[in-house]
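**Student:** predicted model and sequence follow; I will ask about them next.
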Amino acid sequence: PESESESESVEGNTLVVDALTANGVSTIYGVVGIPVTDLARTAQDRGVRYLGFRNEQAAGHAAAAAGYLTGRPGICLTVSAPGFLNGLVALANATVNCFPMIQISGSSDRAIVDLEQGDYEELDQVATARPFTKAAYRVDSPELIGVGVGRAIRAAVSGRPGGVYLDLPANVLSASAVRTPPPQIVDPSPRQIPAPESVDRAVALLEQARRPLIVLGKGAAYARADAVIRELVEATGAPFLPMSMAKGLLPDDHPQSAAAARSLVLARADVVVLIGARLNWLLDHGRPPRWSADARFIQLDIFATEFDSNRPIEAPVLGDIASSVAALLAAIRRSRIAPVPEWREQIEASKRANIKRMDAQLHADVHPMDFAVALRAIRDVLDDHRDAIVVSEGANTLDSARNIIPIYAPRHRLDAGTWGVMGVGLGYAIAAAVETGEPVVAIEGDSAFGFSGMEIETICRYKLPVVVIVFNNGGVYRGDEVNAHSDDPAPTVLLHSSRYDTLIEAFGGIGYHAETPAQVAAALRSALTTAAPALIDCVIDPAVGTESGHLQMLNRPAREEEP
Ligand SMILES: Cc1ncc(Cc2csc(CCOP(=O)(O)OP(=O)(O)O)c2C)c(N)n1
């Protein structure tokens, strides 16, 4: 309970909650235990929504997704040492993906750690966290708790967002101190206005473009500058390519979308505008032959050392995405940028051919199902549920769902992202449901699902509107290595017997088993109608798919005998 007078002495736990709530924190994801259980209780007493998970990694992924979806740091609370380490994968993934997240862990008394006197769950957590975080702080007295929380918040959201570690030793949490008003962080993520000359340089390059391309990254989606980004794309008339989590910034059925002609536009674009998108492995590092050796780059980013990381950037525009896009749009309106009809016609021809080829795959009459026909059934149902947020992980599942499931609204697709981390699915799904109130459909490879599968119980316990669809092909990537279609009289490959649908029934959720596209569609329609926790066990042919999905070029060289 709030103390009557500010001179009253309170515990460190109370000072932590004072500082978090004073800076807008209303939700904490975590796994409690010594020495943070009382911190969670105090937070709940003060109206903070605490969600208890089954593993700290999933709680951390939820906090990271919450940060990405809201623009405020997501908070993950863990115990010391093993709990801290479990959360660290998610904290590192948040840093790589530029999601604002703070992991708060209890820890041992500093003096005991420094003398290695063998405390319970002893570990030098700040030193361990530092290489994987944007910042790592430890608070050594209750009087400094407000400063520590404030610094962690600003570090997480300012500039390029990322993962921040905040270490709160047990003896600090339990110590008492006079309660003083916590610092309220002013403008934690200040706008960063681009230099006018950088904008002019970018427009001058765009005016020379005959085959322009705009690439939208998740940094553009994170910026929540949706209207001005759409205005910019439409003002240039240029084709745009959304990275997977930027899908929906402009609807996937927008006439300027070049997603269905990705190979053509990457290979032929002569001036490329990167907006919150990094030229990393997901864009083949901007290198030929995927890209033209003559391509010239404009890059809008908030992090200066990102420029020139892979290709020379002729027009770097340093600033926050909203400010940079607004400045570029204003300059474009004053410029001589002309439409490029012949370029658009080339793209439309390529789109038509690729969509026709894909359509044949989506409507193939195959038994057991492959990824494409199962995803077409899901796509057709989601077309009537465009408010649903799609989460996805796996290999073939992840890659095929990205290409087959259209997204029509910003920040409505969350997936394994820059680091390709398996295990994000259920934590992301929980955060999406909690933070947005929207229905969530998690499209999961069966191996990927296994990394956080026990959070099905968390989803049921909080009665969240999450439908998990497990693409059950009986193995990591593909199923049984014996090819079900081999012509020798090998034993027929039995469809694997895993029944994931019964798993959720153990926790009160609704399980569906689907072996045909019609059954998938009926199950998903029913699950979305009930808006209760549900799992669809979607049986996929174990012989289809490839190892690592579309990442063949990163995989071991194909064995000689392989076609
Ligand atoms: C934390 C971590 N550990 C392992 C891996 C390596 C991997 C990448 S994709 C994947 C799962 C593929 O099996 P799944 O059945 O989900 O896929 P598919 O049926 O083809 O859709 C693994 C294990 C990664 N990326 N992260």
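**Tutor:** That came in fine, so what should we check first? Numbering: from 1, shown residues only.
**Student:** contacts only, for the closest residue to the ligand within the stretch 301-450 of the chain.
**Tutor:** As assessed by Cβ to the nearest ligand atom, the ligand sits closest to Gly445 within the stretch 301-450 of the chain, at 2.1 Å. The way it works is simple: take the backbone N, C-alpha and C, and place the C-beta from them, glycine included. Gly445 makes contact with 393-398, 422, 471, 477 under the criterion Cβ atoms under 8 Å, 6 or more residues apart in numbering.
**Student:** residues from this protein in reach of the ligand?
**Tutor:** Neighbours of the ligand within the chain, by Cβ under 6 Å from any ligand atom: 394-397, 420-423, 445-448, 471, 473, 476-477, 545, 549.
**Student:** which of those fall within helices?
**Tutor:** 396-397, 446-448 (DSSP state H).
**Student:** tabulate those (JSON lines), appending pLDDT.
**Tutor:** Putting those into JSON lines (pLDDT from 0 to 100) gives the following:
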{"residue": "Asn396", "pLDDT": "95"}
{"residue": "Thr397", "pLDDT": "97"}
{"residue": "Asp446", "pLDDT": "96"}
{"residue": "Ser447", "pLDDT": "94"}
{"residue": "Ala448", "pLDDT": "97"}
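**Student:** most surrounded residue in these?
**Tutor:** Thr397 (29 neighbours; other Cβ atoms under 10 Å).
**Student:** spatially speaking, which residue is in the middle of the chain?
**Tutor:** Leu414 (4.4 Å; Cα atoms, centre = their mean).
**Student:** make JSON lines out of the contacts of Gly445 and add distance to Asp501.
**Tutor:** JSON lines is the format used below for these (distance: Cβ to Cβ, whole Å):
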{"residue": "Glu393", "distance to Asp501": "19"}
{"residue": "Gly394", "distance to Asp501": "18"}
{"residue": "Ala395", "distance to Asp501": "22"}
{"residue": "Asn396", "distance to Asp501": "21"}
{"residue": "Thr397", "distance to Asp501": "17"}
{"residue": "Leu398", "distance to Asp501": "21"}
{"residue": "Met422", "distance to Asp501": "21"}
{"residue": "Phe471", "distance to Asp501": "13"}
{"residue": "Tyr477", "distance to Asp501": "22"}
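**Student:** and which of those is nearest Tyr462?
**Tutor:** The closest of the contacts of Gly445 to Tyr462 turns out to be Glu393 (Cβ to Cβ; 20.7 Å).
**Student:** OK, contacts around that closest one?
**Tutor:** For Glu393, counting by Cβ under 8 Å, 6+ apart, the contacting residues are 415-416, 421-425, 444-445, 448-449.
**Student:** dump the residue contacts of the residue nearest to the centre of the chain.
**Tutor:** The contact partners of Leu414, by Cβ under 8 Å, 6+ apart, come to 65, 68-69, 245, 389-392, 424, 428-429, 432.
**Student:** same question, Val468
**Tutor:** For Val468, the contacting residues are 425-426, 429, 442, 444, 449, 456, 459, 504, 534-536, by Cβ under 8 Å, 6+ apart.
**Student:** using the three-state scheme, assign Ala221.
**Tutor:** Of the three states, Ala221 takes helix under DSSP: H, G, I helix; E, B strand; the rest coil.
**Student:** which residue packs closest to it, ignoring adjacent ones?
**Tutor:** Once flanking residues are discounted, Ala221 sits nearest to Ala246: 4.7 Å by Cβ to Cβ, 6 or more residues apart in numbering.
**Student:** now for the closest residue to Ala175 other than its chain neighbours, how many residues are close by?
**Tutor:** Spatial nearest neighbour of Ala175, chain neighbours left out: Pro142 (4.8 Å); criterion: Cβ to Cβ, 6+ apart. Neighbours of Pro142 under the rule other Cβ under 10 Å: 25.
**Student:** oh, and call the first residue 294 from now on, that's how I've got it
**Tutor:** Okay, residue one is now 294; in that scheme the one you just asked about reads as Pro435.
**Student:** I'd like to know how far Pro435 sits from Arg706.
**Tutor:** 42 Å (Cβ to Cβ, to the nearest Å).
**Student:** which stretches of this protein have low pLDDT?
**Tutor:** Within the chain, the segments meeting pLDDT under 70 span 294-299, 773-789, 845-856.
**Student:** which residues touch the closest residue to the residue of the stretch 594-743 of the chain closest to the ligand other than its chain neighbours?
**Tutor:** Nearest non-adjacent residue to Gly738, counting by Cβ to Cβ, 6+ apart: Gly687, 2.2 Å away. Listed by Cβ under 8 Å, 6+ apart, the contact partners of Gly687 are 715, 736-742, 764, 842.
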